[in-house]
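Next one to model:
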Amino acid sequence: MYKTNYTTLLAVPGFPDQHDWISRELYYTLSAAMFPWFLLTVIGVVGNSLSIVTFFSLGLRDSVTFLFFIQSVSDLLASCATFGYLLFVALYIVEGFTVLRFSFDPNVIATVSVNTRDTFYCMSVLTTTFIATLRCLSVYKPIRFKGFVTARRSYISTAILALVSLAVYGPSSLTYEFQQYGTDLKNISRFVIRYTEVYRKSSNFEKIVGDTIMTLAAQFIVSLCLFVLAHGLVSSIKFRLQSSSVQRASGNRIGPLRKQASSLQGKELQAVRQVCLVALIFVLCNMPKVGIAFGRMFLDGFAIYGKYGTLYQLIVHVRIFTDTINSSVNCFVYYRYNSNFRNKLKEILDLVSE
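From the prediction side, this is the model:
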């Protein structure tokens, strides 16, 4: 392994050796073994596409539907960028195992793809955090916060979240410097990305603000919201059990108004369960990113151009894998816990099949 100014792992003369925790060959092997997640990205693309069409068909007049629509769009774009990243990392690994050299550097395109993916995924993370916070407040203080975010406010909020995502992850994508170099075979000359000082500063800003502060803050906020939502679910279950006991003791006589209240409560429980499961998936899938954040804080040289660059890249693969899971499974959650979504999706699929 070599410490290098380039994204490539080829030897660059004049740079000292790296002493990493894993070898380059093991990195290639473990990375190649993780490529079944190509299928997961396809599921993410198809599932989020169906979610987008379904939410759009339901209408974007209420804030909840609009926010889930934005989350599906962000997850779709992140899944597409992840697919491109995996494709070119696969070509990069082919170069690592063989003497084959492409006319382009696969790692250059993979780097651009993963930085693009980070921007879209950041938008998805912020949207998930926003949705979980709103639902948490509506459960904790239902009279004060239920209906607090109108459709207009949700439009403004998502625009702000998009600007934050671009402000954090956009600069590093605009500070690439491409440099031409000759490969070790067939006299092929191609471009690689050089990590300039400007890129490193913008990348460090991205790592500190986006990958550390925002990641830890989102993990804490969503975890807290998950606790509040879970507590609300447990309380609702206890209340329903007590109500059932009272009904049986009174001969199961219940007035029309009580039935209506029970129906509204059931819809609210479905919504809370939906957000609760989305939040739980996010918290679990965000763990590798949290680990990377702590690694940067406490392990010197834990960076792509640092002493433990190969280990860092391997864990980044794990992080992107769990991010892909988070971006790919929400469609199934919507289908299970959102009856409006489920019915509309069935209508769409019936029309397509006809």
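
Nearest residue to residue 302 in space, please, no chain neighbours.
Spatial nearest neighbour of residue 302, excluding adjacent residues (Cβ to Cβ, 6 or more residues apart in numbering): residue 295 at 4.5 Å. For every residue, glycine as well, the C-beta is placed using N, CA and C.

ok, residues contacting the host helix or strand of the one you found?
Following DSSP states H and E, one finds residue 295 within helix 287-298. The contact list for helix 287-298 (Cβ atoms under 8 Å, 6 or more residues apart in numbering) reads 207, 211-212, 215-216, 219, 302-303, 312, 315-316, 318-319, 322-323.

what's the distance between that helix and the middle of its chain?
Relative to its parent chain, helix 287-298 has a centroid offset of 16 Å by Cα atoms, centre = their mean, to the nearest Å.

average pLDDT for it?
Taken as a whole, helix 287-298 has a mean pLDDT of 85.

Pull that helix out as PDB, backbone CA atoms only.
Taking Å, rounded to 0.1, in the frame of the first residue of the first chain, the C-alpha atoms of helix 287-298 are listed here in PDB:
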ATOM      1  CA  MET A 287     -24.200   2.600  12.800                       C
ATOM      2  CA  PRO A 288     -21.300   2.100  10.400                       C
ATOM      3  CA  LYS A 289     -21.300   5.800   9.600                       C
ATOM      4  CA  VAL A 290     -21.300   6.600  13.300                       C
ATOM      5  CA  GLY A 291     -18.300   4.200  13.700                       C
ATOM      6  CA  ILE A 292     -16.400   6.000  10.900                       C
ATOM      7  CA  ALA A 293     -17.100   9.300  12.600                       C
ATOM      8  CA  PHE A 294     -15.700   8.100  15.900                       C
ATOM      9  CA  GLY A 295     -12.800   6.500  14.000                       C
ATOM     10  CA  ARG A 296     -11.800   9.800  12.500                       C
ATOM     11  CA  MET A 297     -12.000  11.400  15.900                       C
ATOM     12  CA  PHE A 298      -9.900   8.900  17.800                       C
END
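
What are the boundaries of the helices in the protein?
Here the chain has its helices, by DSSP state H, at 24-33, 37-58, 63-97, 106-140, 142-145, 151-173, 197-205, 215-249, 256-285, 287-298, 309-328, 330-337, 339-353.

Check which residues of the helix holding residue 295 are buried.
288, 289, 290, 292, 293, 296 (16 or more other Cβ atoms under 10 Å).

follow-up on the earlier one: which among the helices of the chain is found nearest to residue 190?
Proximity to residue 190 (Cβ to Cβ) singles out helix 106-140 among these, at 8.2 Å.

which secondary structure elements does the closest one contact?
helix 63-97, helix 142-145, helix 151-173, strand 189-194, helix 215-249, helix 256-285, helix 309-328 (3 or more Cβ pairs under 8 Å, 6 or more residues apart in numbering; DSSP states H and E).
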